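**Q** Predicted model and sequence below, questions to follow.
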Amino acid sequence: MKKITKALGITLLAGSLLVACSNDEDTDTPANNNDNGTSDEQVENDDNGVDEGTNDEGEDDSDENTESDDESDTGGGLGADQEFGDQLDLGIGDTAQISSNQGAYEITIHSVKKEETVEDNSSMFDYFLVVDATIKNIGDEPLDATNPVGVLEQTSRLSGSGSGDYSGDYETIDSVSGELGPGDEMSGQILFHARNGEEQFIRVQPGLIAADGVYNDAVWTFTEDEME
């Protein structure tokens, strides 16, 4: 009888130890974690949160960012909004409207005078051409008057190269310079070194058009008989 009682006691003790161990293991394991180590509360917050790339109203920010990038790409420079076609059949007395990355302006050539020397200096070619011209700013921003003059060149062959303005090198030449506000105009002289030729041309430099510095072409054509 004592042996039976002792055996029952050992069995009850072992059972108590197994129950205690089982309770300890349940306590050490986080009850609210899923298999990935993320709590149910975290999952719920992620489901209800705002996705990356959206604003507080749930709208996609990507379009807004794209618009900002597009605006920054435009640069906001002084490029003229006006668009003019090529004007290739101009003569003395005519006005060209020109659009460029510096603004928009009109150039009127009033007269062309042939000079053998200027300030006792001979031309590097055959003679000088002194051009009386008026520059008018038709854009919305202030304009350096030397810029419209600087886009021009003179040549006796449209297929050849040309000579730019040299008025700034001679004190007796009333060069065009200074700032022109919107709507302002200024008259002065442009000086070219010229070669002999029955026809002469003043034009926008082709290289500036090719480089998108000037957006349209203009050509004045005249003969030596039309020079003063």
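**A** Thanks, I have the structure now. Numbers count the residues shown, from 1 in each chain.
**Q** Contact partners for residue 223?
**A** 198, 199, 200 (Cβ atoms under 8 Å, 6 or more residues apart in numbering). In short, each C-beta sits where N, CA and C put it, glycine included.
**Q** Going through those residues, which ones are buried?
**A** residue 200 (16 or more other Cβ atoms under 10 Å).
**Q** ok, residue 124 touching residue 195?
**A** No. Using Cβ atoms under 8 Å, residue 124 is not in contact with residue 195; the gap is 9.9 Å.
**Q** what lines up beside the helix or strand encompassing residue 201 in the sheet?
**A** Here residue 201 sits within strand 199-204, counting by DSSP states H and E. Strand pairing for strand 199-204, determined by DSSP bridges: strand 152-155 (antiparallel), strand 218-223 (antiparallel).
**Q** out of those strands, nearest to residue 132?
**A** Checking the strands paired with strand 199-204 against residue 132 by Cβ to Cβ gives strand 218-223 as the closest, at 12.6 Å.
**Q** List the buried residues for that closest one?
**A** Buried residues in strand 218-223 (16+ other Cβ under 10 Å): 218, 219, 220, 221, 222.
**Q** what does stretch 171-191 give?
**A** 173, 175, 176, 180, 186, 188, 189, 190, 191.
**Q** Ramachandran angles for the third one?
**A** Taking degrees, to the nearest 10, you get phi -90, psi 120 for the backbone angles of residue 176.
**Q** Which pLDDT value does the model give it?
**A** Note on residue 176: pLDDT of 96.
**Q** Same question for the first one.
**A** We have a pLDDT of 98 for residue 173.
**Q** That one contacts residue 118, correct?
**A** Yes. In this structure, residue 173 is within contact of residue 118 by Cβ under 8 Å, at 6.9 Å.
**Q** got any residues that touch both of these two?
**A** With Cβ under 8 Å, 6+ apart as the test, residue 173 and residue 118 both reach 130, 191.
**Q** Now the two most distant members of the buried residues of stretch 171-191.
**A** Every pair of the buried residues of stretch 171-191 checked by Cβ to Cβ; the farthest is 180 and 191, at 20.0 Å.
**Q** just so I have it, where are all the strands in this structure?
**A** 87-90, 95-100, 103-115, 117-118, 121-122, 127-137, 143-144, 152-155, 179-180, 185-194, 199-204, 218-223 (DSSP state E).
**Q** can you list the ones you listed in JSON lines and add mean pLDDT?
**A** Shown next, in JSON lines, are the strands of the chain (pLDDT from 0 to 100):
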{"stretch": "strand 87-90", "mean pLDDT": "98"}
{"stretch": "strand 95-100", "mean pLDDT": "98"}
{"stretch": "strand 103-115", "mean pLDDT": "97"}
{"stretch": "strand 117-118", "mean pLDDT": "98"}
{"stretch": "strand 121-122", "mean pLDDT": "97"}
{"stretch": "strand 127-137", "mean pLDDT": "98"}
{"stretch": "strand 143-144", "mean pLDDT": "96"}
{"stretch": "strand 152-155", "mean pLDDT": "98"}
{"stretch": "strand 179-180", "mean pLDDT": "98"}
{"stretch": "strand 185-194", "mean pLDDT": "98"}
{"stretch": "strand 199-204", "mean pLDDT": "98"}
{"stretch": "strand 218-223", "mean pLDDT": "98"}
